[in-house]
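Asker: fold the following, please.
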Amino acid sequence: MTRRNVPLTIILSTVLAMALSGCNVARLTINTPLTPDSVAFITEGRTTLADVVDKLGAPDTISDSDTGTVVTYRFLNAKYSRVNFGWLVKPWSPVDPDLVFSRSGLGTDAFELLCDGNWVVTHYAFVRHRPEPPFTPYPF
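Answerer: Residues are numbered from 1 along each chain as shown. Take a look at the predicted model:
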């Protein structure tokens, strides 16, 4: 590295450090998030509720319906990230500017099974699955 590049490197490193100091990332997981791979062992018409409980654990709810029993596994996988670019001008500004870009994915997902009178799984599906939201720039 030449002597001319040292001040530029210091300035770029300082700006990068200040920009990263305004970053927040948080994740919250309640229960084990289920994926299509984790329920691939289920075969409609063959797999029993006992087999499902052995692999996935106890369900959150079991309720009766007209066609059998509905078994529900609920899980939460929340993500939140935020970058405040206002931190870059905070040392030189008399006000505390906020230029925030954030993204969150909050919502409860569920996996439901429908069992017949013999506790054999007849149907299963993921429900209430939230799509990933796009980045939302604030204050715009």
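Asker: and the pLDDT at Val120?
Answerer: Reported pLDDT at Val120 in the predicted model: 95.
Asker: just to check, it is in contact with Arg46?
Answerer: Yes - counting by Cβ atoms under 8 Å, Val120 sits close enough to Arg46 to count as a contact (7.1 Å). For the C-beta atoms, the positions are set from N, CA and C on the backbone; glycine is no exception.
Asker: pick out whichever of those two has more residues nearby.
Answerer: Using other Cβ atoms under 10 Å as the criterion, Val120 and Arg46 rank with Val120 on top: 17 against 9.
Asker: let me know the secondary structure of Asp37.
Answerer: Taken by DSSP: H, G, I helix; E, B strand; the rest coil, the conformation at Asp37 corresponds to coil.
Asker: typed the wrong thing, it's Asp51
Answerer: Local secondary structure at Asp51 is given as helix here, using three-state DSSP.
Asker: do you know the pLDDT at it?
Answerer: Looking at Asp51, its pLDDT reads 96.
Asker: next, count neighbours for it.
Answerer: The tally of other residues near Asp51 (other Cβ under 10 Å) stands at 16.
Asker: for it, list the residues it contacts.
Answerer: Under the criterion of Cβ atoms under 8 Å, 6 or more residues apart in numbering, the contact list for Asp51 reads 41-42.
Asker: how about 6 Å then?
Answerer: The contact partners of Asp51, taken as Cβ atoms under 6 Å, 6 or more residues apart in numbering, number zero.
Asker: ok, now how distant is it from Asn31?
Answerer: Here Asp51 is placed at a distance of 19 Å from Asn31 (Cβ to Cβ, to the nearest Å).
Asker: ok, what's across the strand from Thr48?
Answerer: Here Thr48 shows beta-bridge partners Val120, assigned using DSSP bridges.
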